[in-house]
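Undergrad: Structure for the following, please:
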Amino acid sequence: MRIDKYLWCVRYYKTRNMVTEACKKNHITVNGLVAKPSKEVFPTDKITFRKDQITQIITVLDIPENRIGAKLVDIYRRNDTPAETYQHLELLKLSKEHYRKNGTGRPTKKDRRDIDEFGNEIVNDEDAD
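TA: All right, here's what the predicted structure looks like:
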């Protein structure tokens, strides 16, 4: 089965066109080699691709006939992505939400001054050491 169809079938990408674009940008490798969308995958192949700021590593266990349900995905692939990668993503999400909530708009003048003061405090602390 083609790599673009496989990644679409196991629900890593919403459309095959998205997989094709990722292949053209050299974001997908099979067994360490950059893959074109037409690259054939077989059981035991190791696929590495970057999606949502995470480098995913999966091993092909079997080839599905068609696109499968989300509950059946684990039959066809094994996720070898390290747990630290997912923890790093959670930290990124938390750090983005820490300062400003989504939908609150641009920083106000007061917010801007607070940011500048915070930056100056860090610089002054480093100079004191």
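
Undergrad: Next, the distance between the ends of stretch 1-17.
TA: Using Cα to Cα, to the nearest Å, one end of stretch 1-17 lies 16 Å from the other.

Undergrad: in the protein, which spans are strands?
TA: Here the chain has its strands, by DSSP state E, at 28-30, 33-34, 46-51, 54-60, 77-79.

Undergrad: Please name every helix or strand in contact with the longest one.
TA: Counting contacts by 3 or more Cβ pairs under 8 Å, 6 or more residues apart in numbering; DSSP states H and E, strand 54-60 is packed against strand 46-51, strand 77-79, helix 83-99. All C-beta spots, glycine's among them, are computed from the backbone N, C-alpha and C.

Undergrad: re earlier: most tightly packed of the strands of the chain?
TA: Most buried of the strands of the chain by mean neighbour count (mean count of other Cβ atoms under 10 Å) is strand 28-30; its value is a mean of 22.

Undergrad: in stretch 2-17, what counts as buried?
TA: For stretch 2-17, burial by neighbour count (16 or more other Cβ atoms under 10 Å) applies to 2, 3, 4, 5, 6, 7, 8, 9, 10, 12, 13, 16.

Undergrad: Scan the helices and strands of the protein for the one with the lowest mean pLDDT.
TA: helix 109-128 (a mean of 73; mean pLDDT, DSSP states H and E).

Undergrad: one step back: residue 118: which of the helices and strands packed on strand 54-60 is closest?
TA: Comparison of the helices and strands packed on strand 54-60 against residue 118 by Cβ to Cβ identifies helix 83-99 as nearest, at 10.1 Å.

Undergrad: Including distance to residue 24 and mean pLDDT, could the helices and strands packed on strand 54-60 go into CSV?
TA: Below are the helices and strands packed on strand 54-60 laid out as CSV (distance: least, Cβ to Cβ, whole Å; pLDDT from 0 to 100):
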stretch, distance to residue 24, mean pLDDT
strand 46-51, 13, 89
strand 77-79, 22, 89
helix 83-99, 24, 76
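
Undergrad: Now distance to residue 64 too, for these, in TSV please.
TA: Supplementary listing: the helices and strands packed on strand 54-60 in TSV, determined by distance: least, Cβ to Cβ, whole Å:
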stretch	distance to residue 64
strand 46-51	14
strand 77-79	9
helix 83-99	24
